[in-house]
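Chemist: Below are the sequence and a predicted model; questions follow.
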Amino acid sequence: MSGHSKWANIKHRKEKTDSQKGKIFTKMGRELAMAVRSGGPDPLSNYALADAIAKAKAANMPNENIQRSIKKAAGDADSSMYEEVIYEGYGPGGIAVIVEAATDNRNRTASDVRHYFDKFGGNLGSTGCVSFMFEKKGVLMVERQTGMDEDALMMDALDAGAEDFLPEEEYFEITTLPENYFKVRAALEQKGYHFIESSLQMVPSTMTRLEDPAVAETMSRLIDHLEDLDDVQNVWHNWQME
């Protein structure tokens, strides 16, 4: 999600990860396992695994846990039998929602996701019902620091293959095409830049505000309950959070 709502979303997510590390480590372990299954256990040749490792470290997952997850996925076929499943629907107030899950039981995950959509006044739809409102992008965020040369960062990002550069009050947002994400990230890391957020995301083309505080509260609870599900890896939406 681009624009000034992004920072609020990240802070909301960080508060949750700080208080729910056990669940976060479970989710990170699944992402690591899926990356190993798709590209092997070497992060030097498996960019998806390198990205998963970076995200796990950003979530303060201990290095021994990361390595244990990788070794288990590489050596035990049963440990990496997760598959990615995407669910789409509308939350309260017509907010478009995409749920990315990593599951070993589609029926369980579908039932859990549908339950929360129903409980909080949403509607789980069919494939494609909201995804046309989103575009997959690589999103890298660099925290704005005193003395940082904005022009140099912008040129370094664009030279590396970034699609867009957006300066905000507290951070710089760099977006890429999905196929250029890993290349741009590696190039900027080599130049010493550190990211407060870096991932492939479903970015909405337009954002929607919820003027009714009660509806906004219900939407927030829907997001919280979906993110608390062990099978759910990411929840993307077009809610313009304040």
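Modeler: Right, received. Where do you want to start? Numbering: from 1, shown residues only.
Chemist: Only C-alpha atoms from now on, for both contacts and neighbour counts.
Modeler: Fine.
Chemist: can you map out the helices along the chain?
Modeler: Per DSSP state H, the chain carries helices over the ranges 6-19, 21-39, 47-58, 63-75, 106-119, 150-160, 181-190, 213-228.
Chemist: Now do the residue nearest to residue 185 when sequence neighbours are not counted: how many residues are near it, please.
Modeler: Spatial nearest neighbour of residue 185, chain neighbours left out: residue 140 (7.5 Å); criterion: C-alpha to C-alpha, 6 or more residues apart in numbering. Per other C-alpha atoms under 10 Å, the neighbour tally for residue 140 reads 25.
Chemist: so what's residue 140 up against?
Modeler: 173-175, 185, 195-199 (C-alpha atoms under 8 Å, 6 or more residues apart in numbering).
Chemist: Report the two of these separated the most.
Modeler: 175 and 196 (14.0 Å; C-alpha to C-alpha).
Chemist: more neighbours, these two?
Modeler: Shown here are residue 175 and residue 196; by other C-alpha under 10 Å, residue 175 has more neighbours (28 against 12).
Chemist: per-residue confidence at that one?
Modeler: On the pLDDT scale, residue 175 is placed at 96.
Chemist: thought it was touching residue 161?
Modeler: No - using C-alpha atoms under 8 Å, residue 175 is not in contact with residue 161, being 9.6 Å away.
Chemist: Spell out which residues make up each domain of this structure.
Modeler: Here the domain parsing of the chain from automatic domain parsing is 6-80, 83-132+205-237, 134-204.
Chemist: show me where pLDDT drops low in the chain?
Modeler: Within the chain, the stretches with pLDDT under 70 are 1-21, 76-80, 242.
Chemist: residue with max distance from the center of it?
Modeler: Taking C-alpha atoms, centre = their mean, the residue of the chain most remote from its mean C-alpha position is residue 147, at 29.3 Å.
Chemist: distance of that residue from residue 187?
Modeler: 21 Å (C-alpha to C-alpha, to the nearest Å).
Chemist: And residue 157, by the same measure?
Modeler: Taking C-alpha to C-alpha, one finds residue 157 at 8 Å from residue 187.
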